[in-house]
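Undergrad: need the 3D shape of this:
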Amino acid sequence: MRQIVFFLLLQCFSLPGWSVSSLPDVGQSYFYDPENTLTIDAIDTAAFTPYVGGLNLGFKSGSLWVRLLITPVEMQSSESVIKNYTGNPFIIRCGPHYLDEINLYEKSEGKWTHTIAGDLYRNPITKCVDDFHCFAVQESAQQSQVVYLKIKSTGLLNLDAEVVRLDSVIFRSIKRVRKISVSLTIACALLVLGMIFFFTYRSKLLKIFCLLQVSIILFICSKAGIFAHLLPDFPLDVIDKFGHITFILRVYLQANLCREFFAQYQVTKVFKRLVVFVSIACGFTILPVLLGYTNLGYIIITLLFLTIPLIQIYGVLTTPDIPKTFRAILLIASPFFFIMVATGWLVGTGLIPSVLNLFEIRGLADARINGVFTSLFLFWLILAEQNIREKAKSQDIIKLRLDAAEAQANEEKLIDRNMMIDMLTHELKNPLATIKFALTSVKRNFSSDSASLQRFKHIDLCVERMNKLIEHVARSSKFDRASELNPSEIIAAAPLIHDLIEEYAESWRFTLNIEEGISFMANREILTIILENIINNSYKYADTLSSINISVTSSSEIIRDEECKGNSIFISVSNMAGVLGVPDESRLFERYYRHSHAQSVSGLGIGLSLVKAAAKKIGATVHYRHVDGRVTFTVRMPN
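TA: You can find the predicted model right below:
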């Protein structure tokens, strides 16, 4: 924090050019010791390799020796040439901060002196104003001097080392502090904006984005040494591992962000499995980090990190309903991000020359890798996606409102229809009762006239038929509107069946098979309607010479479900089909349906639909079977 404050104060003042000392001439070379066996006394015999600029060696587990040959030069000013003055020592700036161990060796009076620093060591003397490590080296009377650095670290072994004058350190640190402060400011600003939008829309997409920004902030603070500065008593090895784990968390959240972004589209199963694989693999990557195999964990998480833009490209190409705007943006941004990261990692591992890296990514803490600039793009993309979702939600709400208005209009029509049915059934039953009473009186006066009596009988049958039709319509309307039933009661099966078949003139046609002592537990009115209509249907359409079989048992040959045994009562009514044939099985229980051959028989096609509705009210089921000309209706009643 003090570095950021110092940087902000410096922005208020101009920097005079004469205050910056000239840089010394530094020759750089390195030697990699994979076995970590060389000591400072034997290092002179090693074959060092010269290099210029930053050093990228990839994932190395041994020791890296760096030799710096420092040659002082004269300072330049606008007036004259001034010799270097004493008391202005050289400062070696070495970074990045997350290098685990940095050993500085310099000769003093013929002996090697040793200074150690790194993110696993607390040494305020070697701390620069920024996150780099600084070592003071005294100048020796304009003579060249050799300084060695021995470095050990986990992850990508990248080194930035420079030699400057003491009075120039602060100006070298400004760029570094600015970079860290800008990254943190952008990340925190995006987090705040994401939280504002999240509490507004409550979107899972924004929730994952906010968690992603938290992981980025934690990663920057860990890798830049901010946690080590703010928590001086906290174990440094824990802070070091925490930095590795936050990067794994970042990759995991980015994979889930990709999954959630495509969630509302018709993605393929392969895409879903790839995202799940990356998420699970991120979880397992934590284990090698915790067990001390950090480089292995970094290699795995790097490959997974590179896989995410490829999965995004695959998702865009295989998702048909993704908007064209997002398709174009992702097809441009995802390959660009992949190329940027891939070439940066190749340079960081030393597999390709740094001149081929247009983006020059320097390790995991690079501003482009840590996600700040990527998050800016993601935030814009998420806002656009959220806007589309809000529009879709608004359209759904409008559709629901229209559906609700239509449903209300239909309900009003239904109420009017039911009122009309109630009125008609009431108004028709009264005239029919009057007609029936009048027929009885008239028949007494024509008791001796057989022809007249036959006509009166025909009229009586028509009135009775009309009365039954009116009762059917009234019952059907009643079941449609009924929400509560009368209490169930125990009903003996045999008496009920006998009462129903006694109404028929040819009651001798019925053959009964009722299990002894069997009873129903049901609403009497509804059960009567079910049995009455099934029996009447068989009586009307059965072959006139065949019997009608009625059975009430606790088992059924038609329904063999194991769950029904001992828990149900089965009522079966069967008969041989008559001359009118059999109905269409797919439309059998459809209201007002009547077979074309059955038009000569009285009825409206309400009976079986009424049976279906009544059975549903009491939890019963109705089954139909036609085998070898025999038609069977079976009702399964819950016991």
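Undergrad: ok, the spatially closest residue to Val341 that is not a sequence neighbour - contacts?
TA: Spatial nearest neighbour of Val341, excluding adjacent residues (Cβ to Cβ, 6 or more residues apart in numbering): Leu306 at 6.1 Å. (Glycine included, C-beta is placed from N, CA and C.) Applying Cβ atoms under 8 Å, 6 or more residues apart in numbering, we find Leu306 in contact with 338, 341-342, 345.
Undergrad: and with 7 Å instead?
TA: When contacts are counted by Cβ atoms under 7 Å, 6 or more residues apart in numbering, Leu306 is found next to 338, 341-342.
Undergrad: and the host helix or strand of it, how far out from the chain middle?
TA: Using DSSP states H and E, Leu306 falls within helix 294-318. Mean-position distance between helix 294-318 and its chain equals 19 Å (Cα atoms, centre = their mean, to the nearest Å).
Undergrad: which residue packs closest to the spatially most central residue of the chain, ignoring adjacent ones?
TA: Taking Cα atoms, centre = their mean as the criterion, Glu260 is the residue nearest the geometric centre of the chain, at 5.2 Å. The spatially closest residue to Glu260, leaving aside those adjacent along the chain, is Leu205, at 5.0 Å (Cβ to Cβ, 6+ apart).
Undergrad: these two touch, right, the one you found and Ile382?
TA: Yes: counting by Cβ atoms under 7 Å, Leu205 touches Ile382, with 5.7 Å between them.
Undergrad: before we move on, which element is Gln609 in?
TA: Check again: residue 609 is Ser, not Gln. helix 607-617.
Undergrad: elements contacting the helix or strand that that helix is followed by?
TA: The C-terminal neighbour of helix 607-617 among helices and strands, as given by DSSP H and E, is strand 621-627. When contacts are defined as 3 or more Cβ pairs under 7 Å, 6 or more residues apart in numbering; DSSP states H and E, strand 621-627 sits against helix 607-617, strand 630-638.
Undergrad: now stretch 587-596: average pLDDT?
TA: For stretch 587-596, mean pLDDT is 71.
Undergrad: and what of stretch 225-236?
TA: On average, stretch 225-236 scores 83.
Undergrad: distance from it to the middle of the chain?
TA: On Cα atoms, centre = their mean, the centre of stretch 225-236 falls 36 Å from that of its chain.
Undergrad: confidence-wise, which helix or strand of this protein is lowest on average?
TA: Taking mean pLDDT, DSSP states H and E as the measure, the chain has strand 81-82 as its least confident helix or strand, at a mean of 37.
Undergrad: what residues does the next helix or strand after it touch?
TA: Next along the chain after strand 81-82, taking DSSP H and E as the criterion, comes strand 90-95. By Cβ under 7 Å, 6+ apart, the residues outside strand 90-95 that reach it are 24, 68, 70, 102, 104, 128, 131-137, 139, 147, 149, 160-166, 169, 172.
Undergrad: just the buried residues out of these, in PyMOL syntax.
TA: Applying 16 or more other Cβ atoms under 10 Å to the contacts of strand 90-95 leaves a buried subset, and the PyMOL line that selects it is:
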select buried, resi 24+68+70+102+104+128+131+132+133+134+135+137+139+147+149+160+161+162+163+164+165+169+172
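Undergrad: among the contacts of strand 90-95, which are in strands?
TA: Using DSSP state E, the members of the contacts of strand 90-95 that fall in strands are 68, 70, 102, 104, 133-137, 147, 149, 160-165.
Undergrad: return the alpha-carbon coordinates of stretch 394-409 using PDB.
TA: C-alpha atoms of stretch 394-409 as PDB (Å, rounded to 0.1, in the frame of the first residue of the first chain):
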ATOM      1  CA  SER A 394     -39.500  -9.300 -20.800                       C
ATOM      2  CA  GLN A 395     -40.900 -11.100 -23.800                       C
ATOM      3  CA  ASP A 396     -41.800 -14.100 -21.600                       C
ATOM      4  CA  ILE A 397     -43.500 -11.900 -19.100                       C
ATOM      5  CA  ILE A 398     -45.500 -10.300 -21.900                       C
ATOM      6  CA  LYS A 399     -46.400 -13.700 -23.200                       C
ATOM      7  CA  LEU A 400     -47.400 -14.900 -19.800                       C
ATOM      8  CA  ARG A 401     -49.600 -11.800 -19.300                       C
ATOM      9  CA  LEU A 402     -51.300 -12.500 -22.700                       C
ATOM     10  CA  ASP A 403     -51.800 -16.100 -21.700                       C
ATOM     11  CA  ALA A 404     -53.200 -15.100 -18.400                       C
ATOM     12  CA  ALA A 405     -55.600 -12.700 -20.100                       C
ATOM     13  CA  GLU A 406     -56.700 -15.400 -22.500                       C
ATOM     14  CA  ALA A 407     -57.100 -17.900 -19.700                       C
ATOM     15  CA  GLN A 408     -59.200 -15.400 -17.800                       C
ATOM     16  CA  ALA A 409     -61.400 -14.800 -20.900                       C
END
